[in-house]
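J.: my questions concern the predicted model and sequence given below.
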Amino acid sequence: MPEFSLAPAWTAMFLGLFAVASAVGELRVAGHWQKMLDEIGRSPALQMITGLLELFIGAAIYLANPWASPDWLSSAMSVVGGLMIIEALVILAFSDVYTAFWLRRFGPLSKVWVILAIAIGVALIAVSVPRF
C-alpha cells in the first residue's frame with residue numbers, strides 16, 4: 001500500500017509553486033493571462049485539452065487527498081480537487097460563456113489577480129513546508 005501521508009503537503013506545495021510561478025510570468029509579460037484565455041476561447045481544440053487536463057489533475061488531487069481525514073489540509077486539498085473537476089466540466093460544456101466571463105475580469109483587475117495568486121501560492125507553500 002503506498003504511503004499517502006505527505007500527499008496533502010506535496011499537493012499544496014505544487015499548487016503553491018504553480019500559482020507563484022504563473023503570477024511571476026504574468027508580471028513579466030502583462031496581459032499574458034488575458035491572451036491565453038482569449039486563445040482558449042477561440043479554439044475548440046484548446047478548450048477540450050484544457051478541460052481534459054484540468055479534469056485529470058483535479059481527479060488526481062481529489063483521489064490522493066481523502067475528504068474524511070483528520071488532517072485539515074487533506075480535506076482542503078480534496079475540496080480544491082473537487083472544484084477543479086467541476087470547473088473542468090464547465091469548461092468542456094460552456095467554454096465560450098466561461099472564458100468570456102473571465103476575459104471581462106482580467107483586463108482592469110489583472111494586477112489584483114496576480115497579487116491574489118502570489119498570496120495564495122505563498123500561503124500554500126507556507127502550510128506545506130513544515131510538514132516535510
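T.: Perfect, thanks for sending it.
J.: quick one: contacts of the lowest-mean-pLDDT helix or strand in the chain?
T.: Across the helices and strands of the chain, mean pLDDT, DSSP states H and E gives its lowest value to helix 32-42, namely a mean of 90. Contact partners of helix 32-42, identified using CB atoms under 8 Å, 6 or more residues apart in numbering, comprise 22, 25-26, 46-47, 50, 95-96, 99-100, 102-103, 106-107, 110, 113. Any C-beta I mention is one placed from the backbone N, CA and C, and that applies to glycine too.
J.: can you flag the buried ones in the residues you listed?
T.: With neighbours counted by 16 or more other CB atoms under 10 Å, the contacts of helix 32-42 contain buried members at 22, 26, 47, 50, 95, 99, 103, 106, 110, 113.
J.: before we move on, back to that, now for the contacts of helix 32-42: which two are most distant?
T.: The most widely separated members of those, counting by CB to CB, are 25 and 96 (25.3 Å).
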